[in-house]
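>>> kindly return the folded structure for what I paste below:
(2 chains)
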Protein chains: 2
Amino acid sequence: MLLDLKAIETWVEELREALHQEDAPRAARCAAHLSSRRVARELGQAEPELIVAVLSSMDATRAGRVAGYLPPPAGAAILSSMPPAEAGLLLGAVPSDHAKHLLQSLPAPARDEVVAGLAPATRETLEALSRYSPETVGAAMTTSFLVIPPDALVAHALDAITSAPPEIEKSTYVYVVNQAGALLGVASVRDLVRASAQERVKNIMADRVIAVRTGDSAVEAARVLRNRRYAMLPVLDDEDRLRGVITLDDAADILTREVADQFSSMGGDRGDESFFTTPLGAVRRRLPWMASNVLLNLIAVAVITGFEDTIARVAILAAFLPMITDMGGNVGIQSLSVAIRSLALGEAQIRDVSKAVRKELLVGICNGIVLGAFFGAIALIMRGQWLLGVVAGTALGINVVVAGIVGGSLPFLIKKLGKDPAMMTGPLLTTITDVTGVTVYLGLSTLFLARLAV
Amino acid sequence: MLLDLKAIETWVEELREALHQEDAPRAARCAAHLSSRRVARELGQAEPELIVAVLSSMDATRAGRVAGYLPPPAGAAILSSMPPAEAGLLLGAVPSDHAKHLLQSLPAPARDEVVAGLAPATRETLEALSRYSPETVGAAMTTSFLVIPPDALVAHALDAITSAPPEIEKSTYVYVVNQAGALLGVASVRDLVRASAQERVKNIMADRVIAVRTGDSAVEAARVLRNRRYAMLPVLDDEDRLRGVITLDDAADILTREVADQFSSMGGDRGDESFFTTPLGAVRRRLPWMASNVLLNLIAVAVITGFEDTIARVAILAAFLPMITDMGGNVGIQSLSVAIRSLALGEAQIRDVSKAVRKELLVGICNGIVLGAFFGAIALIMRGQWLLGVVAGTALGINVVVAGIVGGSLPFLIKKLGKDPAMMTGPLLTTITDVTGVTVYLGLSTLFLARLAV
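Numbering: from 1, shown residues only, chains lettered A, B, ... in the order given. The predicted structure is shown next:
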């Protein structure tokens, strides 16, 4: 039986209908055809009681996987609604990296109750995991993997793989560790099949192992994993002891999230606001950024104030102010976004900054001339005054060039300083273009004031 | 020997030094410790002759992989600089999905020469691949995979896996196809190890197979692959014949690119501009968007023109115009970016639009009151006129609310219309907020004109 995208969508529809009818056993049957993540997305919309009923109709491993992917508010809601012992049982079946997040999204009293219901081993694992800081490999790894001593026979290693418990079902590697838990090598199921069953694992394992450390950046580790095209990488502590693994599908999540973060930060969203952030949380996160924005904008206000007399004499000049500042901002954001994209997708590197500036300079000059002329013509037609058109068009043209260069090089400079494109990149950029645009525009206008004020 | 992130960086440094000294054999030796993608990124900066020399010092499979990851200008440069026969040989070793892109980046006469140097089978594969439209699975798949007839023995299947040629080295699945090439089932190396060697593959294969079709959306397929956590998915044509596979590391690339595209489009970058786009290409891509932007901005210009008399009487009003429009734009872009992020990362779905609007309404009101009061106080201090402060602050506050709601719901509405957040989302948003801000600000000012004009 083939399950293609169309068939998958049909099962999603069936699942939705079952949920709509609050038919938990049928929902669980439909869910069997879908990925845990997809099931969780659909379940996340339902009432906690129904979610619990559906999860209870699944086997424990599967229920744990689905619960691990539930959106945080739904996950917290079902754990709080269950008796602590059951919640502990469910949480015990959730892969450890997701379990930690689930637990963190619970309010403190409920969390303590659920933790009390956990098996001691699970509790220890989760406590150990929560000690790693959030951006590190330690916080992103899973703690289920297969280990074997170096003197084990190939036959035993194969046995370990084929009879691995369901939570490490996708494992195609066994890690060879010594008695202290230090990693000595790795053997893939392919290596093992190729070897004689009575050979010792240490003789056939690869001892040149690519590994990451618990304290390494999760993004860097994800990049290495994606580049190497392995299914997973071992995670070691500073004493080379194997602590966990990080898998390629986790790496895919880390990398997409990273790209989203790079872009979001430009718009002042630190990436820590998700769809599930409460309105108050969103206010607290966004307000400081906006307030700094207002303060930066005051520079432009001050510049315009300096030209108060000019505007008092030729009020129509004000009409084009927002357009000149807006276009500067838009063009800047556009080249900023091209630059962030190139850096985030690894197309460009820091040393390419001069190439980026040169390109943006050329693009800016071409666009500036065309847009300036276009805009000048519009001003001419609207106001029948060619000089106003020329002044506004020139200001726009110059502003476009400046915006392109600043926007196209800022991400490179920020990265060179060892930072990610920061939250203030956007406001900084618009302030620079605002001040440039307004100064050129009102400066030229003042210069030609006698001829404009007719 | 452990190769951790620090050790990898050391090898990158060594590789750079070798490239700097134009020592091709040493560069190839360093490259052996690094992923093909990373090597390609470093090589991409070197002169074509040096790249060719380094590639020649590697074995053919590896050279092909590295060449496949070269940035397009470098890839095109080395293929053009090689004798057609050699270029054909190199291209034959590049995984088919990358080979197609490389070929496309060559100028037409050089392309024909290189194609002529290809082995007939490779040429056919590449020609077939280039017939799929770019956003489909067909265009993203690789055409190397392992197949076996249903009556083959498990022992033969294991043999096929362990002796697979290097270009399918990562394969952990064999696909079972009938004589017509139609997919019947799949067996993982784990399934095979667990079975008896003399069993027939058809008796142990999984016949419930998740597959995608050549014409399916590559992004959808990548999502299924990531959700299912498989190493690869088979790609079928409409007659269920196996045409290729799509791998999890390709899926990771497709998904990160997709997220980048969603954000880029907001800034008017259609995602088809890369770091390697020529300046002229960039002008052609960006100019139409900017020109439409100017046209949309004319609405705000027209609104302000309507208030020309008010500004003529109280010129200082103009000073706050850009701030009010800028802040509306910034806030709008911020909530737009949160919404795009939630949708792109799968946290929110279309039906959540009302939840998103309600949240943005609350956030907007809170932020609007705080920012409005803050801004009013600034205006009061700067101009010593409390009424100007109240008017400007009120306009800003209202604009922030509108911007939040429009920005936070636009991506949902666009997606509901079955489209991706489009290129005009940004300009549309800023036009709406500009017009709102300017109308409220200048409208209120006109209302209180007698008391402002002192």
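>>> just the strands in the stretch 51-200 of chain A please.
For the stretch 51-200 of chain A, the strands defined by DSSP state E, counting those that start in this stretch cover A:147-148, A:173-177, A:183-188.
>>> for those, which one sits closest to chain B?
Judged by CB to the nearest CB, the one of the strands of the stretch 51-200 of chain A that comes nearest to chain B is strand A:183-188, at 7.2 Å. Glycine gets a C-beta too; all of them are placed from N, C-alpha and C.
>>> packing partners of that closest one?
With contacts taken as 3 or more CB pairs under 8 Å, 6 or more residues apart in numbering or on different chains; DSSP states H and E, strand A:183-188 sits against strand A:173-177, helix A:201-204, strand A:209-210, strand A:232-236.
>>> now look at the last one and say if it contacts chain B.
Just to be clear, that refers to strand A:232-236. Yes: judged by CB under 8 Å from any CB of the partner chain, strand A:232-236 comes into contact with chain B through A:Leu236.
>>> still on that earlier bit, looking at the helices and strands packed on strand A:183-188, which is nearest to B:Pro109?
Closest to B:Pro109 of the helices and strands packed on strand A:183-188 is strand A:209-210 (CB to CB; 42.2 Å).
>>> got the contact list for that closest one?
Strand A:209-210 is contacted by residues A:183, A:185-186, A:224, A:228, A:230, A:233-234, B:1-4, B:8 when judged by CB atoms under 8 Å, 6 or more residues apart in numbering or on different chains.
>>> do that again at 7 Å, thanks
By CB atoms under 7 Å, 6 or more residues apart in numbering or on different chains, the residues outside strand A:209-210 that reach it are A:Leu183, A:Gly185, A:Val186, A:Val224, A:Arg228, A:Leu233, A:Pro234, B:Leu2, B:Leu3.
>>> and for stretch A:346-361?
A:335, A:339, A:342, A:404-405, A:408-409, A:412-413, A:415-416, B:41, B:71, B:274-276, B:279, B:282.
>>> can you rerun that using 6 Å?
A:Ser335, A:Ser342, A:Gly404, A:Ile405, A:Gly408, A:Ser409, A:Phe412, A:Lys415, A:Lys416, B:Ser274, B:Phe275, B:Pro279 (CB atoms under 6 Å, 6 or more residues apart in numbering or on different chains).
>>> may I see the buried residues of it?
A:Gly346, A:Glu347, A:Ala348, A:Gln349, A:Asp352, A:Val353, A:Ala356, A:Val357, A:Lys359, A:Glu360, A:Leu361 (16 or more other CB atoms under 10 Å in any protein chain shown).
>>> report the central residue of chain A.
Among the residues of chain A, A:Arg257 comes closest to the average C-alpha position under CA atoms, centre = their mean, at 1.6 Å.
>>> just for the stretch 251-400 of chain A, where's the confidence low?
A:266-272 (pLDDT under 70).
>>> could you measure from A:Ser335 over to A:Ser409?
9 Å (CB to CB, to the nearest Å).
>>> quick one: residues contacting the closest residue to chain B within the stretch 351-454 of chain A.
Nearest residue of the stretch 351-454 of chain A to chain B: A:Leu362, at 3.9 Å (CB to the nearest CB). A:Leu362 is in contact with B:Pro279, counting by CB under 6 Å, 6+ apart.
>>> element containing it, please.
Following DSSP states H and E, one finds A:Leu362 within helix A:353-383.
>>> could the contacts of stretch A:346-361 be laid out in TSV, adding distance to B:Leu429 and neighbour count?
Shown next, in TSV, are the contacts of stretch A:346-361 (distance: CB to CB, whole Å; neighbours: other CB atoms under 10 Å in any protein chain shown):
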residue	distance to B:Leu429	neighbour count
A:Ser335	19	32
A:Ser342	24	23
A:Gly404	21	31
A:Ile405	25	21
A:Gly408	22	28
A:Ser409	26	20
A:Phe412	27	24
A:Lys415	28	19
A:Lys416	31	12
B:Ser274	25	17
B:Phe275	27	21
B:Pro279	28	16
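>>> show me those that map onto helices.
A:Ser335, A:Ser342, A:Gly404, A:Ile405, A:Gly408, A:Ser409, A:Phe412, A:Lys415, A:Lys416, B:Pro279 (DSSP state H).
>>> check these against A:Ser36 and report the nearest one.
For these, the nearest to A:Ser36 is A:Ser342 (34.5 Å; CB to CB).
>>> show me which residues of the stretch 101-250 of chain A are close to chain B?
Within the stretch 101-250 of chain A, the residues that sit near chain B (CB under 6 Å from any CB of the partner chain) are A:158, A:162, A:170, A:172, A:189-190, A:193-194, A:208-213, A:216, A:220, A:226-229, A:231, A:248-249.
>>> drop anything exposed from these.
Looks like those have A:158, A:170, A:172, A:189-190, A:193, A:209-213, A:216, A:220, A:226-229, A:231, A:248-249 buried, using 16+ other CB under 10 Å.
>>> now for A:Ala319, how many residues are close by?
27 (other CB atoms under 10 Å in any protein chain shown).
>>> how near is the closest residue to it other than its chain neighbours to A:Arg229?
Taking CB to CB, 6 or more residues apart in numbering or on different chains, and ignoring the residues beside it in sequence, A:Ala319 has B:Ile304 as its nearest neighbour in space, at 4.1 Å. Computed as CB to CB, the B:Ile304 to A:Arg229 distance reads 57 Å.
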